[in-house]
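**Student:** predicted model follows, preceded by the sequence.
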Amino acid sequence: MELVIAEKPSVARDLARVLGVRGGGKHSIEGERYVITWCIGHLVELEEPAAYDPAWKAWRLDRLPMLPEEFLLRGSKHALPQLRAVEKLLRDRAFSGVINACDAGREGELIFRYVYQHARSRLPIRRLWISSLTDDAIRRGFSALQPGRSYEPLADAARSRSEADWLVGMNATRALTARGREAGHDALYSIGRVQTPTLAMLVERERQITEFVPRDYWEVSAALRTADGAAFSARWRHEKSTRLGAAGLARSVVDRDTAAAAPIVERVRGKTVKEPPPQLFDLTSLQRTGNRRYGFSAQRTLELAQALYERHKLITYPRTDSRHLSKDVAGELRGPLEALAGVQAYEPFARPLLGAIPVLGRRFVDDTKVHDHHAIIPTGTRIRIEALDRDEARVFDLIARRFIGALYPDAEIAQTEAWIRVGPALGAPPTGATDKDLIIDALPPLPDRYLARGRVRLVAGWQEVAGIGPEGTKTSPGAEAPDDDEREPTGALPPLVEGQPLTGTYASHAKQTTPPPRYTEASLLGAMEAAGRSIDDEALRAAMKDTGLGTPATRASIIETLLRRTFIVREAKWLVPTPTGITLITTIPVPSLASPELTGGWEARLAAIARGTDSRDAFMADIRRYVTDVVDAIRGTSAPPSAAGGAARTPRPISGPGRSHHVDPKRVEGWSRMQAANPDFKKRRPRAQTVAPKLVKGASPTAEALTCPRCSHGTLITGGRGWGCSRWKDGCSFVIWFETAGKKLTPAQLRELVTKGRTRKATFPGGDGRLVLDPQAPGGARFERG
């Protein structure tokens, strides 16, 4: 008999159903061959500092750095009964071995390994590694179980990530906070290995915006017409620029060209270009597309994809960092296509492929670019669109159309470029791209030249599947319209021949340079993936994957953490740093703590450890040295600014639910420098930020003292809009809202959620289901349907 440990109860039930295990139990499902149990997220976590040394309980600089020789583990109190049950099974000698069926990835490996280590189990380990939860995938996975030792490098990377986060976060946060308190500042300076560099990118963009000085410029356009009346437009260009630095210069161009002889077609060039289908989705590209198309947050897209994977079994494993398929998977596409052909929206595109399924090329199939999991694609599960809610259907539609489109031919576009000359035939038309930063401050000599472009789609190819019309416009609700705002104009130019005379009228247009835009979640995810580097090329971005900030599975939670700690706020679709966040970054005494490149390098090393090409011992030794240097540097600097300057200060009572308060940017260290650089800054600074309800000093405890599920030291107290940790002053931001998943919780449901890890089944606005405790999630719990 073997023990099977899944990451979630819902997955355990799926495994039990497929394996024919039917014996019910409170903490496990028992059969003759298998006993299946489950974790509830992280059942085991790293110990608090005081467990290593009582002296480490105090937040004092002279007690730092904290560098445990060996890390200790403790049970997460949010689900102690389940942990005890799993550990009892792990120590049961009746089992011949244990199968790790947690999520097939770095974090899933860590969840299992920590529980296994905490239980001091000696059972031989085998690993279930599957990319979808369909019945066939589960059966194939159990027929191809791998020895646990094959995943030791992945476990090493998981432990290294966890321990590095503890070392950097605990030491840097305590060092900065203690340094501030020595100067009488009551503030918490929260530092995270990935969180802080991500915040730094947002603050740097805000600096660029506030220090930006706009400049006026003018462009000149020509409305041209052939002898037979065909009209088209063109834009003036001189060498590498289309921009003139004064209104008088633009008027001079308009006046002299109006008075000149008829414009002449000087050069016409045409070519046909092929636009290949976009690559398949990994999680980050799916999140970026979901944000651009529907305004979904990264976390929301992840939740929807996870539901499509776990509950509906319609897509493969979503937390992947690959946009390719392996050769084996690429040879088994009939099942997904047949399932898609059974849906009215996809039948016209999927069914024609079933006769002879096209062979995908290296753009989509590359074994060397598939590590843990391949790209996200539909499974062969029968699709019932009516069973999906609106947002689930939207995300599935993105994945389905991207998958089908990969099997369609390239789109073919006819591009025409025509240069129109006004004035004498001197020189030649310019070549190459324009320089947007170049503004011409002196009137160039004649001739003036105007560039007209035409673009006509000859072959729709994959664009028909994506819902892109001939003019580049969307033709269906889920259409994948081009993301480039400066795409060439569509439409054909009239037939033109060199030397052909035209008639034209000219006009000038006043414009102004603009600052770089604030980050959206889509653009921030892209910046995190590239560790702050601006990389638009798809191939280069893929090459940077291992050096990004965080992983596809963790980036959404990093953004949510920044929002929860009020380091940033959402303003419409934009992410805006608050005075709190700006103060932290602009006054941080160790710049490397905010360096995307440094953290990206660490991520690359973690990926190398998982592949077995780097050493865990060497990585951790480097982290320890770095932490020591950070603490020494902080110890040698002056105290950070006071809490009045915007650090995450002791929260004040909020007078009512949903109230907001203003943080005066004038009192924020670093922000005043930004404002001084731009007198107009006051008009553009972030509006009032709505502060998440916080539990205030003196708030009453809950009727029954419940231990905080996140820090395991504080107790839950009642605040304005929720129950939260009494240790908020020490940095624990755990909270469960009074109203969760659209339903007001009773004290009894709160007690059940915290002590048992889940509530009983009830009716919610989103359907029948229950709340499951998730201490790391915003709001402390998530809704589980069914």
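**Tutor:** Sure thing, it's come through. No experiment lies behind these values; they were computed from the predicted model shown.

**Student:** for burial, what's the neighbour tally of Ala762?
**Tutor:** Using other Cβ atoms under 10 Å, Ala762 is surrounded by 12 other residues. C-beta coordinates here come from the backbone N, C-alpha and C atoms, glycine included.

**Student:** now that it has come up, it's in contact with Arg770, right?
**Tutor:** Yes: Ala762 is in contact with Arg770 according to Cβ atoms under 8 Å; the separation is 6.7 Å.

**Student:** quick one: contacts for Gln195?
**Tutor:** 558, 561-562 (Cβ atoms under 8 Å, 6 or more residues apart in numbering).

**Student:** 10 Å instead, please
**Tutor:** The neighbours of Gln195, taking Cβ atoms under 10 Å, 6 or more residues apart in numbering as the test, are 165, 169, 549-550, 557-559, 561-562, 565, 567, 599.

**Student:** sort out for me which of those are in helices.
**Tutor:** Judged by DSSP state H, helices contain the following of the contacts of Gln195: 165, 169, 557-559, 561-562, 599.

**Student:** I'd like those residues laid out as JSON lines, including neighbour count, pLDDT and distance to His373.
**Tutor:** Converted to JSON lines, these look like this (neighbours: other Cβ atoms under 10 Å; pLDDT from 0 to 100; distance: Cβ to Cβ, whole Å):
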{"residue": "Asp165", "neighbour count": "16", "pLDDT": "94", "distance to His373": "23"}
{"residue": "Gly169", "neighbour count": "19", "pLDDT": "94", "distance to His373": "28"}
{"residue": "Ser557", "neighbour count": "19", "pLDDT": "92", "distance to His373": "19"}
{"residue": "Ile558", "neighbour count": "24", "pLDDT": "94", "distance to His373": "21"}
{"residue": "Ile559", "neighbour count": "26", "pLDDT": "95", "distance to His373": "22"}
{"residue": "Thr561", "neighbour count": "21", "pLDDT": "92", "distance to His373": "25"}
{"residue": "Leu562", "neighbour count": "24", "pLDDT": "94", "distance to His373": "27"}
{"residue": "Thr599", "neighbour count": "29", "pLDDT": "82", "distance to His373": "23"}
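
**Student:** now, which of these sits nearest Leu176?
**Tutor:** Nearest to Leu176 among those, counting by Cβ to Cβ, is Gly169 at 11.1 Å.

**Student:** leaving out sequence neighbours, find the closest residue to Ser595.
**Tutor:** Nearest residue to Ser595, sequence neighbours excluded (Cβ to Cβ, 6 or more residues apart in numbering): Pro197, at 5.9 Å.

**Student:** need the three-state assignment for the one you found.
**Tutor:** Put simply, Pro197 is helix when judged by DSSP: H, G, I helix; E, B strand; the rest coil.

**Student:** low pLDDT regions in the stretch 351-500 of the chain?
**Tutor:** Applying pLDDT under 70 to the stretch 351-500 of the chain picks out residues 472-490.

**Student:** now Val590: how far from Ala172?
**Tutor:** In this view, Val590 and Ala172 are 8 Å apart by Cβ to Cβ, to the nearest Å.

**Student:** overlap of the contact sets of those two?
**Tutor:** 191, 196, 630-631, 634.

**Student:** which of the residues you listed fall in helices?
**Tutor:** Among the shared contacts of Val590 and Ala172, DSSP H puts 196, 630-631, 634 in helices.

**Student:** filter those down to the buried ones.
**Tutor:** The neighbour count (16 or more other Cβ atoms under 10 Å) marks 196, 630-631, 634 as buried among those.

**Student:** tell me the two of those that are most distant?
**Tutor:** Spanning the widest gap among those are Thr196 and Val631, at 15.4 Å by Cβ to Cβ.

**Student:** thinking again about what came up before, quick one, which of Val590 and Ala172 is more surrounded?
**Tutor:** Comparing Val590 with Ala172 by other Cβ under 10 Å, the one with more neighbours is Ala172, at 25 against 20.

**Student:** against Leu593, how distant is the residue nearest to that one when sequence neighbours are not counted?
**Tutor:** Excluding its sequence neighbours, the residue lying closest to Ala172 (Cβ to Cβ, 6+ apart) is Ile191, at 3.9 Å. In this view, Ile191 and Leu593 are 6 Å apart by Cβ to Cβ.

**Student:** same question for Ser241.
**Tutor:** Separation of Ser241 from Leu593 (Cβ to Cβ): 41 Å.

**Student:** now do Ile125
**Tutor:** As for Ile125, its distance to Leu593 is 37 Å (criterion: Cβ to Cβ).

**Student:** now do Glu521
**Tutor:** Separation of Glu521 from Leu593 (Cβ to Cβ): 23 Å.

**Student:** before we move on, what about Leu188?
**Tutor:** Distance of Leu188 to Leu593, computed by Cβ to Cβ: 15 Å.

**Student:** go on, Lys511?
**Tutor:** 40 Å.

**Student:** looking at those two now, which is surrounded by more residues?
**Tutor:** Set side by side, Lys511 and Leu593 show more neighbours around Leu593, with 24 against 13, by other Cβ under 10 Å.

**Student:** quick one: contacts for that one?
**Tutor:** Here Leu593 is in contact with 168, 172, 176, 191-193, 196-197, 200, 584-585, 599, 626, 630, 633-634 (Cβ under 10 Å, 6+ apart).

**Student:** if we use 8 Å, what do you get?
**Tutor:** Contacts for Leu593 (Cβ under 8 Å, 6+ apart) come out as 168, 172, 191, 196-197, 630.

**Student:** same question for Gly779.
**Tutor:** 722, 735-737, 740.

**Student:** need the max-distance pair from these.
**Tutor:** Maximum pairwise distance among the contacts of Gly779 (Cβ to Cβ): 10.3 Å, between Val735 and Thr740.

**Student:** so what sits against both of those two?
**Tutor:** With Cβ under 8 Å, 6+ apart, Val735 and Thr740 have common neighbours 779-780.

**Student:** who's more crowded, those two?
**Tutor:** Shown here are Val735 and Thr740; by other Cβ under 10 Å, Val735 has more neighbours (24 against 21).

**Student:** and Gln82, what helix or strand is that in?
**Tutor:** Secondary structure assignment for Gln82, by DSSP states H and E: helix 80-90.

**Student:** need the residues that contact the next helix or strand after that helix.
**Tutor:** Later in the chain than helix 80-90, the nearest helix or strand by DSSP H and E is strand 97-101. If you take Cβ under 8 Å, 6+ apart as the criterion, strand 97-101 is touched by 2-7, 11-12, 15, 34, 36, 90, 109, 112, 116, 121, 123-128, 142, 145, 148, 151.
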